[in-house]
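Asks: Have a look at this fold, sequence not included:
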RNA sequence: CGGGGAUUGGCGCAGUUGGCUAGCGCGCCGCGUUUGGGACGCGGAGGCCGGAGGUUCGAGUCCUCUAUCCCCGACCA
């Protein structure tokens, strides 16, 4: 991407209507645009981050054998009545509207019910099972109070996966695999060290559900973490009985604030029975489908990461999800500009995502923007170091400069 | 939904006990000088002061209502 063609511009002043670090930085750097409280648009750079996160999640979900689909945002009232979740007194975050003829519709805040109804049509036999599907979808939740920038929005991007199993055992196996996949996702994204699988309330279905909580002061949850065992307990279920049940020791637990980036549920056969979704088993019997669901807050992840990885100069994206890997700055004579052009073309051809700051502005502004945007590698092409065919390379996370030739640079930044 | 704070060009802000043509910085446009950490000079454009109503000779400023935003709390299968 040539920066001269980018619609966004960085700003020096912090928007007064944002308090949260993630929103301040993401807006200053031109990654997001606020539409209203709790509703943000993703600008080109922010979208890249979102897409990068999605791609990692996608790969891990595919590895579980799940297939991607995309469900609708508008949902029918009838879909939700069988589980009694249409009522505002039961689910108080519904956005609802009406068709011209008065028929009520809801905006998707979850897809469990619609997905089950879909399964009712598509899954009839044990031969069709087990099966799992997932999507990246905008969810709408009419939060009484949205807060913390993109971390608690009224419209946000979520990955939700649903697995249909023939039995509790089969569900449990998938559930365990999904747990591993989740940990891998967070590891790959760059927050593995700060993200803990957390025991939380299972609601009406099981004793526990599992949350994936990333430690951050901006988080809304309080959890107790065991750093060695890489496990945590949500405050909502934290008591002596639970601690001993989980084989944890109270004096080894550390109380921290955290943000829930993922949450997985084991519904057993409850949903299948409620909604009448059955399959024909091998012995000819009719049995309810076992359901489990698996969420990851994609846009919230971007916020959590922005919240966690930043310094006084701006954002510091982990390499795997950075909008681009390299930020090229040209300084000096026409020859340097030509060399920068050439480098941009080479990197682009090699599949390296790169921002080329070709704007006619002073170097200081380019340095500042490279830092603010949090791009992992900064490559300066100037008259001085480039004379011998070498570029000046600096990592966002370091202060030292390295000089390397084109081959060395490609080795550094090219995707494996 | 309770409590607190806020709303003045694209962004950040100032605006005195109500007073004359509403200012400043950033950004933007033009010209020139600059060019390794957000340069400088000169000249410009851009605002019915969130909205509605009221008090007054006169309202950005006072009163009422309302909308929106932020924070704390409650809430968050």
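Replies: Structure's in. What do you need? Predicted model, so just to flag it, every value in this text is computed and none were measured.

Asks: give me every residue that touches residue A:71.
Replies: Listed by Cβ atoms under 8 Å, 6 or more residues apart in numbering, the contact partners of residue A:71 are A:108, A:111, A:114-115, A:118, A:135, A:137. C-beta coordinates here come from the backbone N, C-alpha and C atoms, glycine included.

Asks: Among those, which one sits closest to RNA strand B?
Replies: residue A:111 (9.5 Å; Cβ to the nearest atom of the strand).

Asks: wait, that closest one sits on residue A:135?
Replies: Yes. Using Cβ atoms under 8 Å, residue A:111 makes contact with residue A:135 at a distance of 7.3 Å.

Asks: Comparing these two, which shows the higher neighbour count?
Replies: More crowded of residue A:111 and residue A:135, by other Cβ atoms under 10 Å: residue A:111, with 24 against 18.

Asks: for chain A, what spans make up the helices?
Replies: Ranges of helices in chain A, per DSSP state H, are A:21-28, A:44-63, A:77-81, A:112-122, A:168-189, A:240-245, A:270-275, A:298-308, A:334-349, A:363-373, A:383-386, A:406-413.

Asks: one step back: which members of the contacts of residue A:71 are classed as buried?
Replies: A:108, A:111, A:114-115, A:118, A:135, A:137 (16 or more other Cβ atoms under 10 Å).

Asks: Roughly how far does residue A:36 sit from residue A:146?
Replies: For residue A:36, the distance to residue A:146 equals 9 Å [Cβ to Cβ, to the nearest Å].

Asks: for residue A:270, that is, sorry about that
Replies: Counting by Cβ to Cβ - residue A:270 and residue A:146 are separated by 30 Å.

Asks: So for the two, which residue has more residues nearby?
Replies: Per other Cβ under 10 Å, whichever of residue A:270 and residue A:146 has more neighbours is residue A:146, with 19 against 16.

Asks: what does the model give the more buried one for pLDDT?
Replies: Residue A:146 carries a pLDDT value of 90.

Asks: ditto for residue A:218
Replies: In this model, residue A:218 carries a pLDDT of 89.

Asks: Please tell me how far the spatially closest residue to it that is not a sequence neighbour sits from RNA strand B.
Replies: With sequence-adjacent residues excluded and distances taken as Cβ to Cβ, 6 or more residues apart in numbering, residue A:218 is closest to residue A:307, at 5.0 Å. When distance is defined by Cβ to the nearest atom of the strand, to the nearest Å, residue A:307 is 12 Å away from RNA strand B.

Asks: likewise residue A:285?
Replies: 29 Å.

Asks: Let me see the backbone angles for that residue.
Replies: phi -80, psi 160 (degrees, to the nearest 10).

Asks: Could you list the domains of chain A?
Replies: Domain ranges of chain A: A:13-311, A:324-413, per automatic domain parsing.

Asks: For those, give me JSON lines that also has distance to residue A:2.
Replies: Output for the domains of chain A, formatted as JSON lines (distance: least, Cβ to Cβ, whole Å):
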{"stretch": "domain A:13-311", "distance to residue A:2": "12"}
{"stretch": "domain A:324-413", "distance to residue A:2": "5"}
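
Asks: Between the ones you listed, which one is closest to residue A:6.
Replies: domain A:13-311 (6.3 Å; Cβ to Cβ).

Asks: Look at the closest one and report the distance between its end residues.
Replies: 16 Å (Cα to Cα, to the nearest Å).

Asks: who's in contact with residue A:151?
Replies: By Cβ under 8 Å, 6+ apart, the neighbours of residue A:151 are A:20, A:22, A:218, A:220, A:259, A:300, A:303-304, A:307.

Asks: Taking the residues you listed together, which two end up most distant?
Replies: Between all members of the contacts of residue A:151, the farthest pair (by Cβ to Cβ) comes out as A:22 and A:220, at 13.2 Å.

Asks: Could you tell me which residues touch both of those two?
Replies: Joint contacts of residue A:22 and residue A:220 (Cβ under 8 Å, 6+ apart) are A:148, A:151.

Asks: So for these two, which sits in the more crowded spot?
Replies: With neighbours defined as other Cβ under 10 Å, residue A:22 and residue A:220 compare such that residue A:22 has more, 27 against 13.

Asks: Could you report the separation of the more buried one from RNA strand B?
Replies: 10 Å.

Asks: And that residue, what's its pLDDT?
Replies: Reported pLDDT for residue A:22: 95.

Asks: do the same with the one 4 residues further on
Replies: At residue A:26, the model reports a pLDDT of 96.
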